[in-house]
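> please find the sequence and the predicted model below.
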Amino acid sequence: DAYEGFLSAGELTPPLPRAEVLTEGAGAVFLRYIVAGFEHIIPLGLDHILFVLGLFFFATQVRPLLWQVSAFTLAHTITLAPAATGVVTVPASIVEPLIAATIVFVGIENTTGWGTVRGRTLLVFVFGLLHGLGFASVLGDYGIASDRFAVALIGFNIGVEFGQLAVIALAFSMVGWFFAKPWYRSRIAIPVSLVIAAIGAYWMIERTLL
């Protein structure tokens, strides 16, 4: 599982002992999982960061971009809950290469101009359903009592959303000022999108063969 690789490089907050989990208050669980969700994007979620950057370099306005990021969060919330509880089980050998493929797709689509804002938003929602299956392994690494699961899930997704917004804010602070420039796509958006697609392609091959 690619996400386990991120965990080995920089561990999230370690799971609590089961007895402590059972007595931990809802507020403490909520805050802990906000932090966990954020950490899973920054600094641990490199593939997720690249996907969000792929969305950023398609956009020329902030509002549609924020809608797309929110649609992505909503979608992975839908699949994260059943996947984390074991209701839906998809092998990592299938999920991880497909997640890499979504990065390739958005990178290439950015360079071709195929998509529309509405079409991209729908596509991002569909891809978010897939990414939610990958996020499930993170929640599985935590000992969550059944009566705290909903609180942990909400907190985790809020943390993920904060992480995504932080990535967008950082990217905007670097290049967003050039959105209106006639050379923005040719000199910035397209070259960076090609790099994103190339990294995604490498991951897709690596995760398929290993």
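Sure, I can see it.
> by contact count, what packs against the longest helix along the chain?
Identified as the longest helix of the chain according to DSSP state H is helix 149-175. Here helix 149-175 touches helix 26-41, helix 46-56, helix 62-84, helix 117-140, going by 3 or more Cβ pairs under 8 Å, 6 or more residues apart in numbering; DSSP states H and E. The way it works is simple: take the backbone N, C-alpha and C, and place the C-beta from them, glycine included.
> lowest average confidence across the ones you listed, which one?
Mean pLDDT values for those show the minimum at helix 117-140, a mean of 82.
> and it with helix 62-84, angle?
Relative orientation of helix 117-140 and helix 62-84, computed by axes from the mean of the first three to the mean of the last three Cα atoms, to 10 degrees: 40 degrees.
> out of the helices and strands packed on helix 149-175, nearest to residue 177?
helix 62-84 (11.8 Å; Cβ to Cβ).
> got the buried residues for the closest one?
64-65, 67-77, 79-81, 83-84 (16 or more other Cβ atoms under 10 Å).
> got the CA positions of stretch 147-162 in CSV?
Backbone C-alpha positions of stretch 147-162 (Å, rounded to 0.1, in the frame of the first residue of the first chain) are rendered in CSV as follows:
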residue,chain,number,x,y,z
ASP,A,147,-19.1,5.1,19.1
ARG,A,148,-16.4,7.5,18.1
PHE,A,149,-16.1,6.5,14.4
ALA,A,150,-18.4,9.2,13.0
VAL,A,151,-16.6,11.9,15.0
ALA,A,152,-13.2,10.6,13.8
LEU,A,153,-14.5,10.5,10.2
ILE,A,154,-15.8,14.0,10.2
GLY,A,155,-12.6,15.3,11.9
PHE,A,156,-10.4,13.5,9.4
ASN,A,157,-12.2,14.9,6.4
ILE,A,158,-12.1,18.4,7.8
GLY,A,159,-8.3,18.0,8.3
VAL,A,160,-8.0,16.7,4.7
GLU,A,161,-10.0,19.7,3.4
PHE,A,162,-7.7,22.1,5.4
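> hang on, the earlier thing: residue 183: which of the helices and strands packed on helix 149-175 is closest?
helix 46-56 (17.4 Å).
> residues in contact with the most centrally placed residue in the chain?
Centroid-nearest residue in the chain, with Cα atoms, centre = their mean: residue 48, separated by 3.8 Å. Contact analysis of residue 48 by Cβ atoms under 8 Å, 6 or more residues apart in numbering lists 40-41, 131, 163-164.
> could you dump the helices and strands packed on helix 149-175 to JSON lines with distance to residue 151?
As requested, the helices and strands packed on helix 149-175 are exported to JSON lines (distance: least, Cβ to Cβ, whole Å):
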{"stretch": "helix 26-41", "distance to residue 151": "5"}
{"stretch": "helix 46-56", "distance to residue 151": "22"}
{"stretch": "helix 62-84", "distance to residue 151": "12"}
{"stretch": "helix 117-140", "distance to residue 151": "12"}
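> right, I'll call it a day here.
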